[in-house]
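In: Sequence and predicted structure are below.
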Amino acid sequence: MHHQLLTSEFTGASLTTPNRIVLPPLVSWNSGEDGTVRERHIEHYHSLRGPGLMIVEATAVAPEGRLAATQLGAFSDRQFDGLARLAETLRSDGAVPGIQLHHAGGKTTLEKNYRHPIPVPSVMPESPEGAYELDEAEIRRIITAFADAAERVVRAGFRYIELHGAHGYLGTQFLSRALNRRRDRWGGDISGRVRFLTELTAEVRARLDSVSSEQAVFGHPTVLGMRLGFTDGDEHGLPPADGLAAAEAVCDAGIRVLHISHTGGSPAPLDPRSRWSPTLQAASAVRRALGDRVPVIGVGELFEPAQAERALRSGMADLTAIGRGLLADPGWAVKTLAGRDDAIERCHECRPKCYHYTEPERCPARRRLKAYSD
């Protein structure tokens, strides 16, 4: 079966991809305290080849901002060579090499981040042990850490840089009224709560523009995107109206691609009658509101190529991210591009959580694939 739109080239916002399949950033738990790329990373990403844009997993910009002890990092020059090798692997496999830059904020523990103090917008009763409230100087330090990491990964060869503003990490901790109780200019109404993401965007954008002028070092355009949590479904946290205002604000600040997701947990659908997932509905809402201003990547329960094709044709997104589908069958994109949908081992939608994410050896789709190949 041929899916004409899904397999066609996309061009927009200085981003050209050979198809509209995106590998979203999915952590693989393969690093250690040094945060360096290991052989398992290279093998993992090479096995997933086929998507036109491949976004390397959430990569920590500072030691204290790790979500897990096994998280990849971009906070040290010691990590550069491995990152460069990983970027080249993606490029050689025909993809635009992308990477997501991340800071966990309060969504970590002292055990996971090697006992670094944990910075949060506001200390709450549920804040982890070791949490402290960020002051202006510390906020600036973290923004600079993002810019330093962005320069490092661009020099390593990545073309798409994605800032993490979703899934309950630091960006959404600032956005959420439930987690941000600040009374200074970094809190209050949405214009204050989005300030961290807008100033982060402006700082990273300025750094990338500076690097891109050095043609001997960097000879291709860099696209700056953001994975943005649109809503948490809680009127006391981040309601959809605030999510939309945040999307507009970060685009004003310099974001050129929006990868729409949630702020954590399971947000309520915007339309309970819709057959589409809540996150894909959110992407559609942003795309309708912003028009052709920026390309939108949609994600959420797109397990089959025909579903992704319908989402594109319905105007819900410009590109589709296939997460669990690719974890279940690493050949998902290659088979789709070859018109071999019937050869795809479909994700089993394990509940309450994806086995491949926590215990890869228990993923039933992978076990079936292995059984066929043995």
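Out: Okay, I see it. Numbering: from 1, shown residues only.

In: which helices and strands does the biggest helix by length in the chain pack with?
Out: The longest helix of the chain (DSSP state H) is helix 136-155. Under the contact criterion of 3 or more C-beta pairs under 8 Å, 6 or more residues apart in numbering; DSSP states H and E, helix 136-155 touches helix 80-92, strand 96-102, strand 160-165, helix 195-212. For the C-beta atoms, the positions are set from N, CA and C on the backbone; glycine is no exception.

In: List of residues touching it?
Out: 59, 61-62, 65, 74-75, 77, 79-80, 83, 87, 99, 101, 103, 119, 134, 161, 163, 170, 184, 186, 196, 199-200, 203-204, 206-208, 211-212, 217-218, 222 (C-beta atoms under 8 Å, 6 or more residues apart in numbering).

In: Show me where this structure dips below the pLDDT cut-off.
Out: 1, 213-220, 235, 356-357, 370-374 (pLDDT under 70).

In: Next, please give the residue ranges for the helices of it.
Out: Under DSSP H, the chain gives helices at 39-47, 80-92, 136-155, 170-175, 190-193, 195-212, 240-253, 278-290, 305-313, 324-328, 332-337, 355-358, 364-373.

In: Of the ones you listed, which stretch is the most buried?
Out: helix 170-175 (a mean of 29; mean count of other C-beta atoms under 10 Å).

In: which residues touch it?
Out: 65, 103-107, 119-121, 142, 163-166, 179-180, 186-187, 190, 193-197, 200, 228-229, 232, 238, 242-243, 246, 263-264.

In: With stretch 25-32 instead?
Out: 37-38, 40-41, 44, 55-58, 67-73, 99-100, 162, 164, 227, 323, 327, 357.

In: That one: how far from the chain's middle?
Out: 13 Å (C-alpha atoms, centre = their mean, to the nearest Å).

In: Dump that stretch to PDB, restricted to CA.
Out: Taking C-alpha atoms only, stretch 25-32 is exported to PDB below (Å, rounded to 0.1, in the frame of the first residue of the first chain):
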ATOM      1  CA  PRO A  25      12.800  11.600  21.100                       C
ATOM      2  CA  LEU A  26      12.500   8.400  23.200                       C
ATOM      3  CA  VAL A  27      15.000   7.800  25.900                       C
ATOM      4  CA  SER A  28      16.900   4.600  25.600                       C
ATOM      5  CA  TRP A  29      18.600   4.400  29.000                       C
ATOM      6  CA  ASN A  30      22.000   3.500  27.500                       C
ATOM      7  CA  SER A  31      24.400   6.000  29.000                       C
ATOM      8  CA  GLY A  32      26.000   6.500  32.500                       C
END
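
In: For the longest helix of the chain, output the C-alpha coordinates as CSV.
Out: Coordinates of the C-alpha atoms in helix 136-155 are reproduced here as CSV (Å, rounded to 0.1, in the frame of the first residue of the first chain):
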residue,chain,number,x,y,z
GLU,A,136,17.3,35.0,38.6
ALA,A,137,21.0,34.1,38.4
GLU,A,138,20.2,30.4,38.4
ILE,A,139,17.5,30.8,35.7
ARG,A,140,20.1,32.6,33.6
ARG,A,141,22.6,29.8,34.2
ILE,A,142,20.2,27.1,33.0
ILE,A,143,19.3,29.2,29.9
THR,A,144,23.0,29.6,29.1
ALA,A,145,23.5,25.8,29.7
PHE,A,146,20.8,25.2,27.0
ALA,A,147,22.6,27.6,24.6
ASP,A,148,26.0,26.0,25.3
ALA,A,149,24.5,22.5,24.6
ALA,A,150,22.8,23.8,21.4
GLU,A,151,26.1,25.1,20.1
ARG,A,152,27.8,21.8,21.0
VAL,A,153,25.3,19.6,19.2
VAL,A,154,25.2,21.9,16.2
ARG,A,155,28.9,21.7,15.8
